[in-house]
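J.: Structure for this input, please:
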Amino acid sequence: MNMPEKKVLELDDIDKRIITLLQEDGRMQDVDIARKVGISDDTSKRRRKRLEDTGYLKVRAMLNPWKFGFTSVYFFGITLVPGADVRHVAKKLSKIDDFFFVSLSLGPTHSIVATARAKDQLKLNNLVEELRQWLEIERVDVNIIYEVTKSGYNSIPEDQL
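T.: Down below sits the predicted model:
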């Protein structure tokens, strides 16, 4: 994931514990973090802010797309024609609101991996037909994600921080 360059910190055990607690509950108050880590409220607040300001963490809401009527999530493997500018195509895909994840990939079959959600099959069909008209795209493979058994792309265990 491309992130703006930020100051690099030497994370100590306290920083790692704060990150782990916020991964478990992003709404945890500084006073609760302080109590669990064994530091003062002010230290907790200062360290959390420093971790946010330097780009180590960002606390945000995670929505459940099914509650909003998005009945399916679709995983796209997009193969480009030889010589196509993969970054240019990825930027074009990123501008389409239906895609919430777009990445460049290495491998024998795809140049771009993208994920979209839709409220119905017609929306998916329209999206695929639009992509098939792009001159840079050779092939579009679509997989329907019908159940998620693990999701932790943005989570890192404390011992790996």
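J.: hey, let's count contacts and neighbours off CA atoms from now on
T.: Will do.
J.: Domain map for this structure?
T.: 13-53, 65-145 (automatic domain parsing).
J.: Over the last one, what's the mean pLDDT, rounded is fine.
T.: Read it as domain 65-145. Domain 65-145 carries an average pLDDT of 90.
J.: Likewise for the shortest one?
T.: Averaged over domain 13-53, pLDDT sits at 95.
J.: just to revisit the earlier point, dump the domains of the chain into JSON lines; add distance to residue 59 and mean neighbour count as well.
T.: Listed next are those as JSON lines, based on distance: least, CA to CA, whole Å; neighbours: other CA atoms under 10 Å:
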{"stretch": "domain 13-53", "distance to residue 59": "6", "mean neighbour count": "16"}
{"stretch": "domain 65-145", "distance to residue 59": "18", "mean neighbour count": "15"}
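J.: Among the ones you listed, which comes closest to residue 155?
T.: Minimum separation from residue 155 across those (CA to CA) falls at domain 13-53, 6.7 Å.
J.: ok, which stretches of the protein are helices?
T.: Secondary structure of the chain by DSSP state H: the helices cover 13-24, 30-37, 41-53, 86-94, 121-132.
J.: Which other helices and strands does the third one contact?
T.: Read that as helix 41-53. helix 13-24, helix 30-37 (3 or more CA pairs under 8 Å, 6 or more residues apart in numbering; DSSP states H and E).
J.: before we move on, the earlier item: how about the helices of the chain in JSON lines, adding distance to residue 115?
T.: JSON lines is the format used below for those (distance: least, CA to CA, whole Å):
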{"stretch": "helix 13-24", "distance to residue 115": "23"}
{"stretch": "helix 30-37", "distance to residue 115": "34"}
{"stretch": "helix 41-53", "distance to residue 115": "27"}
{"stretch": "helix 86-94", "distance to residue 115": "10"}
{"stretch": "helix 121-132", "distance to residue 115": "11"}
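J.: nearest to residue 111, of those?
T.: helix 86-94 (6.9 Å).
J.: got a list of what the most far-flung residue of the chain relative to its centre touches?
T.: No residue in the chain sits farther from the centre than residue 40, which is 32.3 Å out by CA atoms, centre = their mean. With contact set as CA atoms under 8 Å, 6 or more residues apart in numbering, residue 40 has these partners: 31, 34.
J.: Could you check how far it is from residue 30?
T.: Per CA to CA, to the nearest Å, residue 40 is found 9 Å from residue 30.
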